[in-house]
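J.: return atomic coordinates for the entry below.
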Amino acid sequence: MAIVGATGLVGRTMLKVLEEKNFPVDSLTLLASERSAGTTMEFRGSKLIVQQLNEQSFEAIDIALFSAGGVLSRAFAPIAVKAGCTVIDNSSAYRMESDIPLVVPEVNPDDAMLHHGIIANPNCSTIQLVVALEPIRKKFGLKRMIVSTYQSVSGAGQKGIDQLQDELEGQIPKERISQHQLAFNTVFHTRPTEERGSSTEEELKMKREIRRIFSMPSLPIAVTCVRIPSTGGHAESIYVELEQPWTLDEIHACLSGFPGLTVIDDMHQDAFPTPVMASGKDDVFVGRIRKDEDNPSGLQLWVVADNLRKGAATNAVQIAELLIKTLS
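T.: Residues are numbered from 1 along each chain as shown. Modelled structure (predicted):
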C-alpha cells in the first residue's frame, strides 16, 4: 500500500486512520514531493522514510491513497493503474468522470466495484451531507435541497491553518488561501469565472457530486459555501423538501439506525453537534432536526463532521476496506 501526499494534512490523517483501524498492510510506502522526501514518519511503532514520488513508485503496490492535489493525480494515477495498482483519489480530478466511481461507503458501496483502476473520493462537504441524507432519501424521497456550509480553513490544507494562525498572532501571512482576512471573518471560496452571479468551485462541486452519488441528476440544489475561522470540522445547515409525508419521530428513527451517523438533538439540554465535538471522530453528527413551520414537506438539519477524517482520510480508507473485502 502507498500514501501519495503523505506529509500533507490529509496524508498524515490517512496514516493515523490506517493505524487506528488496524488496516491489513503488509508494507506501506509513503510518497511525497522532492521537498518533503526524506521526512521520517511513524507507523505502528516503526519509522518510515518518505520517498520522492516518481514514475517507478508503484511497482508492487496494490492500493494507493492519493492526496496530493489534482495536478499530481492526473499525472500519476494512470501510471499507478498501469503498474497494477488501484488508486483511491482524494482530489477533484476524477470525480465527474462517468467511468470512475464516486463513492461514500455508507451510501453507494457497490459503485466501488465498478472501478477500472481509479475510485474518486468526494468533496469533504459532500461526504457528510450524503451520509446524513441517505436514510431520509431512501425512506421519504427528496424533492429539493438548500445547503449552507460553515467550513474550517483546514479544508484548504496547512496553508489555510497557517494563514489563520499568522493573522491571529498579528503577523503577515507567508502564504494565503484568500486575499481576505480569515481571522474573525467569513470568506468564500474561489469562483471559476468572474461572471456576475456565478457559483464558487466548492458550490459547483457539491451540487454535481450530490446528484451523482444519489443518481438524481435533476435534483434541485442551492448551495452556499462559506469558510469560517476555525481549524477543524465542517458544519452544514441543510433544508430539504421530502416527497412523502413524515414525522419527526420517523426522521429520528431512520437516522438513529444508520451506520456512521450519530444523532445529538435535545435543545432542552442544549445538546447539538459542534465541530469541536466531532474532532478526531469518524461519524457524521446530526442535530437541530426540525420542521419548516410554513411548509409541511420541509425538514431542517444541522450536520457536522471532522473534514480531515470522514470528509477525506477515513472515507478513503473505508473504500480501501471495501476493496479488501472483495479480495478475501
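J.: every contact and neighbour count from this point should use C-alpha atoms.
T.: Noted.
J.: quick check: the gap between the residue lying closest to residue 157 once chain neighbours are set aside and residue 195.
T.: Distances taken as CA to CA, 6 or more residues apart in numbering put residue 9 closest to residue 157, at 6.0 Å, once the chain neighbours are dropped. Distance, residue 9 to residue 195, using CA to CA, to the nearest Å: 33 Å.
J.: looking at these two, which is more packed in?
T.: Taking neighbours as other CA atoms under 10 Å, residue 9 and residue 195 compare with residue 9 leading, 18 against 8.
J.: tell me the phi and psi of the more buried one?
T.: Here is the backbone geometry of residue 9 (degrees, to the nearest 10): phi -60, psi -50.
J.: likewise for the one 10 residues further on?
T.: Dihedral pair for residue 19: phi -70, psi -40, per degrees, to the nearest 10.
J.: cool, and residue 40?
T.: Main-chain torsions, residue 40, degrees, to the nearest 10: phi -100, psi 130.
J.: what sits closest to it if chain neighbours are left out?
T.: residue 49 is the one closest to residue 40 (CA to CA, 6+ apart), at 4.7 Å.
J.: dump the residue contacts of that neighbour.
T.: Residue 49 makes contact with 30, 37-41, according to CA atoms under 8 Å, 6 or more residues apart in numbering.
J.: export those residues to a markdown table and append columns for neighbour count.
T.: Output for the contacts of residue 49, formatted as a markdown table (neighbours: other CA atoms under 10 Å):
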| residue | neighbour count |
| --- | --- |
| 30 | 27 |
| 37 | 17 |
| 38 | 15 |
| 39 | 16 |
| 40 | 14 |
| 41 | 16 |
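J.: out of those residues, who's nearest residue 140?
T.: residue 30 (44.2 Å; CA to CA).
J.: ok, then the element right after the helix or strand that that closest one is a member of?
T.: Residue 30 belongs to strand 29-32 when elements are defined using DSSP states H and E. Toward the C-terminus, strand 29-32 is succeeded by strand 40-43 as the next helix or strand (DSSP H and E).
J.: tell me what that next one is packed against?
T.: helix 9-20, strand 46-49 (3 or more CA pairs under 8 Å, 6 or more residues apart in numbering; DSSP states H and E).
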